[in-house]
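> No sequence on hand, only this structure:
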């Protein structure tokens, strides 16, 4: 995002500060500890058939988030692999509505589950075998960090904001936005290759703990404020 702002001449490089590795507030990792009772309740409510592999998404169900692409990819995969479920944690948004076909598929396909708006999503990640954010643009992909914190392997698109939330092939997989074939391939790779999925999810969880805990972001913000205050005092002394 910083590079885009500079490239588009919306702000000068020296005026932009990135706190740590990014993220506006980091994550409270305590929220993503396993709550077995809550997870069991959610499974009973949304996924009573435990035999299926779950592809998960969290966020607004809009065109910009790539939901049309995700539903198209899942629909094609489901004709070849009958053990899949798509869990959409979120709701439609009138301002950027998905296509009528996508809405119809979501509402009528028994293997696509839409929860509607959820205020606290931490336990929902525990229902997923793989998480995907097929977005076309992001400020920063915080849901990617949340999935990683819940030890779920992630896939996202090679776009500003989303790609910054992973290290490609180390903490997640990247695909091009709108590329349904690549999306299908990445999803099946992580659903079938348990060793790779465990490697990515483990690395992702460690990276979140190392770089994206809220305390780390707060410390960086405190440092910025303190440096700014020192600069102000120096300017004041010079003007005197």
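Great, that's in hand. Because the structure is predicted, anything quoted here is derived from the model rather than measured.
> Break the protein down into its domains, please.
1-26+214-240, 28-212 (automatic domain parsing).
> deepest of the ones you listed, which one?
Mean neighbours per residue, mean count of other CB atoms under 10 Å, is largest over those for domain 28-212, with a mean of 18. The C-beta positions use only the backbone N, C-alpha and C, and glycine is treated the same way.
> Can you get me the start-to-end distance on it?
Length of domain 28-212, first residue to last, CA to CA, to the nearest Å: 9 Å.
> what is the mean pLDDT for that domain?
The average pLDDT for domain 28-212 rounds to 95.
> That one: how far from the chain's middle?
7 Å (CA atoms, centre = their mean, to the nearest Å).
> Now find how far off-centre stretch 1-15 is within its chain.
With CA atoms, centre = their mean, you get 24 Å for stretch 1-15.
> ok, residues contacting it?
Applying CB atoms under 8 Å, 6 or more residues apart in numbering, the contact partners of stretch 1-15 are 16, 18, 22, 139-140, 160-161, 164.
> mind listing the helices for the protein?
Listed in chain order, the helices of the chain (DSSP state H) span 2-7, 36-46, 67-80, 100-108, 142-149, 180-192, 194-211, 214-239.
> mind giving me JSON lines with these and columns for distance to residue 127?
Converted to JSON lines, those look like this (distance: least, CB to CB, whole Å):
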{"stretch": "helix 2-7", "distance to residue 127": "34"}
{"stretch": "helix 36-46", "distance to residue 127": "6"}
{"stretch": "helix 67-80", "distance to residue 127": "16"}
{"stretch": "helix 100-108", "distance to residue 127": "17"}
{"stretch": "helix 142-149", "distance to residue 127": "11"}
{"stretch": "helix 180-192", "distance to residue 127": "14"}
{"stretch": "helix 194-211", "distance to residue 127": "14"}
{"stretch": "helix 214-239", "distance to residue 127": "24"}
